[in-house]
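Asker: sequence first, predicted model second:
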Amino acid sequence: MLTAQKKKARLTIFFFLVVPVVLLITFSYYPCICLVRYSFTNWNGYAPTSKFVGLKNYINLFTSGDFSVIFRNMLIHSVMILGLQTILALYQSVIFSSNLRGRKIFFSLLFLPYVFNDVAVSLIFGYMYSYTTSPVNILLNSMGLGQYAVRFISLSWTTNIWISFVHLWKYTGLCMILFYSALKSVPTELYEASALDGATTVQQLRYITLPSTKSVVILNLFLTLNGAIQLFSEPQLITQGGPGNTTQTLATYVYQLAFTHSKFGKASAVGVLLVVILFIVWIAKSIVIKKEVE
Amino acid sequence: MDDASQFRIKSKGWRVAHYIILLACAFMVLVPLYLVLNISLKDKAEFYGTLSWAPSQNIVLENYLAYFQKGNMLGGLWNYIVLLVPSIIISCLTCSMAAYIITRFPSRGTRLLMGAYLVASVIPTVTTSLPLFQVVKALGIYNTHLAGILLYSCGNVIEVYLFVQFMNTIPVSLDESAIVDGASYPYIFIRLILPLLLPAIGTAAIIKAQAIYNDFYVCMVFMPKTELATITRGLMLYVNSATSPDWNYTAAGIISVLLPITVVYCFTQKYIVSGLTSGSVKM
C-alpha cells in the first residue's frame, strides 16, 4: 500500500515537472551553453559552417577601444541609478507609510511610469533630448538664456547621465514599492510604543525600521545594480548606442554586433562577459545577505 | 495600499517640505506626458507654429485618426491577444504545477529546481536571444505567432515564487484528507489546489499581460513581420517607417499606446503591486 502510494507520487512528480523543466532547459540553459560555444568561433549567424578561433574574440574585445568606453558607461549608469534611484525610492516609501494626506494619489502617480512601455518612453525622451525641439531648450530660449541650451545627446560622457535618467524615471516606482512593502511588514505596534516613549521619527527610522528592513534594502540595491548593468532598451531606442559608441552598453553592443553587423561570434563573447559580471554581482548579493541573516 | 501609518509627521514645516518634494517628483512624471498629450492635439500648422508648452488652441483628433489607420492599432490588439491568451494559460499552468511539486514533495531535487529558476532569471534576454534565434529558426517557427507564444510561456522565477508562497498558505491537511478519501494527485491539483490558487493566478496573469503588452524585443527579433506586430511594436514600426511621421502624429501614437495600459493600471494597481512585491522580495 505504502509503496503503491510512493509510486504514484513519483509518477506525479515526473509528469508535473516534465513541461516546466523542458521549457526551462530549452529557453534558458541550452542557449547559455550555445552562447559559450559561439564565443570561440567566428560565426556570422547564418553560414552553415564557422571556424574555431580560440580566445580571439575575447582578446579583441579587451584590447579594443570600445571596451573601455562601454565599461565607463556601465560605471556611470551604475552610480547614477544605484545612488539616485535608491535615495528617491527610500524617501518616497517612508513618506508613503506616514500619515501625510494625499499620499495615495502620489503613490499611484509615481508608480505609473513603471507600467509604460520602453518604446513610448524612449520616444518621449528622444523628443525631450533633441537639441532643437527639447522643451527645456525652448524654455531657455524664450527666457533669453539661449546660450545655456543643453546638448543632451552629444559625444560627451554626460549623455549617459541623461540616458540613466530615463531608466530612473521609469523604475524608481518599482524600487519604491519594494521598499514600501518591506516597511509595511514591520508591526505598527513597535512604532506606537516607541512614540509613547517619546522617540522621534529619525530615532524610529534608526532603531526600528533600519534593523528590520536591512536585508530587503540590500537585496533591492543589488536588483537595482543588476538592472543598471544590463541596461538595454533606453540606449538602444534613444541613441542606438551612439553617437559613435558614446552610450554603448554591454547589452546594446551584443545586440548590434549580432543583429546589425552579423558578428555572432564576437557578440557571444560580449554576452558571456555580461553574464559573468551579472553572476559575480549575484554571488556577492548571496554572500552579503547570508551574513546579514546570521 | 492600506491606511495604517507608521510614521507621524507632526510639524507643519516638515509637512510642507515633503509636499514640495513630492510635487517636484510628480512634476517630473507629468511634464513629459503633458507635452506629448498637448502636441498630439495640435495640427501640423499649429505644431510648427507654436511652442510645445503652449496649450493646443483648437483640439484636433486628426493625428489619432491617422495613427489608427497607419499604426494598425486593431491588428496590433489582435496579435497581442493571440500571444497573450496561450502564454498566460501555459505559463500559469506550468508554474503552478512546478510550485505544487516544490511545496508538496520537497526534496533535494525540488530545491535544485528552485535554484535553476533563480539562476535563469540572472541571465539577460539579449544574450540568450542569440542562441534562441537559432533554436527558433530550427523549430521552423521564426516569424510566426508560435515563436512569441513559446518564449512568453517560459515561466520565470517571480511567477514560481508567487505560486509557492500562495500554496504554502493552503494547509497540507486538506490534501491529506483527500488522499485518505482515495483521490489521486492530479485530481487534488485540479479540483482542490487550482481553485484555491485563483487569486494568485489572477495576479500572475495581470503581471504577464502587462509585460507582454510592453515588450518589443521578442517581437522585434523573433517575429519582425509587420503583420505580426503587437500594439507596442506597431508604434516602433510607425515611427521608423519610410515616410517617418511628423512629431504631432508620433505623439498621438504614443498616447494611443499608453492610454489602454493606464486605464487598466487604474483598476489593477493593487494586484500589480502585490504581485511584484511578493515575487521579488524573497529573491
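Answerer: Yep, that arrived. Numbers count the residues shown, from 1 in each chain, chains lettered A, B, ... in the order given.

Asker: what's the neighbour count on the nearest residue to B:V273 once chain neighbours are set aside?
Answerer: Of all residues not flanking B:V273 in the chain, A:I177 sits nearest, at 5.2 Å (Cβ to Cβ, 6 or more residues apart in numbering or on different chains). Glycine gets a C-beta too; all of them are placed from N, C-alpha and C. Counted with other Cβ atoms under 10 Å in any protein chain shown, residues neighbouring A:I177 total 25.

Asker: what do you get for A:L196?
Answerer: A:L196: 8 neighbours (other Cβ under 10 Å).

Asker: how much space between it and B:R8?
Answerer: For A:L196, the distance to B:R8 equals 12 Å [Cβ to Cβ, to the nearest Å].

Asker: could you name the helices and strands sitting against the host helix or strand of the residue nearest to B:V273?
Answerer: Using DSSP states H and E, A:I177 sits within helix A:159-184. In terms of contacts (3 or more Cβ pairs under 8 Å, 6 or more residues apart in numbering or on different chains; DSSP states H and E), helix A:159-184 is packed against helix A:65-80, helix A:86-96, helix A:103-111, helix A:118-129, helix A:210-229, helix A:233-238, helix B:12-40, helix B:247-280.

Asker: taking the mean pLDDT, what do you get for the helix or strand following the shortest one?
Answerer: If I follow you right, that is helix A:233-238. Scanning forward in sequence from helix A:233-238 by DSSP H and E, the next helix or strand is helix A:250-255. On average, the pLDDT along helix A:250-255 is 92.

Asker: hmm, who's touching helix A:250-255?
Answerer: Contact partners of helix A:250-255, identified using Cβ atoms under 8 Å, 6 or more residues apart in numbering or on different chains, comprise A:66, A:70, A:74, A:229-232, A:235-236, A:240-241, A:267, A:270-271, A:273-274, A:277, B:124, B:126-127, B:129-130.

Asker: at 6 Å instead, please
Answerer: A:70, A:230, A:232, A:235-236, A:241, A:267, A:270-271, A:274, B:126-127 (Cβ atoms under 6 Å, 6 or more residues apart in numbering or on different chains).

Asker: in CSV: those, plus pLDDT, distance to B:C95 and neighbour count.
Answerer: Formatted as CSV, those follow (pLDDT from 0 to 100; distance: Cβ to Cβ, whole Å; neighbours: other Cβ atoms under 10 Å in any protein chain shown):
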residue, pLDDT, distance to B:C95, neighbour count
A:I70, 92, 35, 23
A:Q230, 91, 23, 23
A:F232, 92, 25, 20
A:P235, 91, 32, 27
A:Q236, 91, 29, 23
A:G241, 80, 35, 24
A:A267, 91, 31, 28
A:V270, 93, 31, 28
A:G271, 93, 26, 32
A:L274, 93, 26, 23
B:V126, 89, 23, 26
B:T127, 89, 23, 27
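
Asker: how about stretch B:206-226 and chain A, touching?
Answerer: Yes - counting by Cβ under 6 Å from any Cβ of the partner chain, chain A is contacted by stretch B:206-226 at B:210, B:214, B:216.

Asker: count of neighbours near the last one?
Answerer: When you say that, I think you mean B:F216. What B:F216 shows, counting by other Cβ under 10 Å, is a neighbour count of 22.

Asker: wait, B:I101 touches A:I13, no?
Answerer: Yes - at 5.4 Å, B:I101 and A:I13 qualify as touching, with contact defined as Cβ atoms under 6 Å.

Asker: who has more neighbours out of these two?
Answerer: B:I101 (23 against 18).

Asker: report the contact partners of the more buried one.
Answerer: A:13, A:16-17.

Asker: nearest to chain B, of those?
Answerer: Lowest distance from chain B to the contacts of B:I101 (Cβ to the nearest Cβ) belongs to A:F16, with 4.4 Å.

Asker: picking that back up, would JSON lines of the residues of stretch B:206-226 next to chain A with secondary structure be doable?
Answerer: JSON lines is the format used below for those (DSSP: H, G, I helix; E, B strand; the rest coil):
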{"residue": "B:Q210", "secondary structure": "helix"}
{"residue": "B:N214", "secondary structure": "helix"}
{"residue": "B:F216", "secondary structure": "coil"}
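
Asker: now those as a markdown table including pLDDT?
Answerer: Below are the residues of stretch B:206-226 next to chain A laid out as a markdown table (pLDDT from 0 to 100):
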| residue | pLDDT |
| --- | --- |
| B:Q210 | 90 |
| B:N214 | 91 |
| B:F216 | 91 |
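
Asker: so which of those residues would you say is closest to chain A?
Answerer: B:N214 (3.6 Å).

Asker: what's the separation between the closest one and A:L221?
Answerer: 25 Å.

Asker: higher neighbour count, those two?
Answerer: Neighbour totals were compared for B:N214 and A:L221, and B:N214 leads with 21 against 16 (other Cβ under 10 Å).
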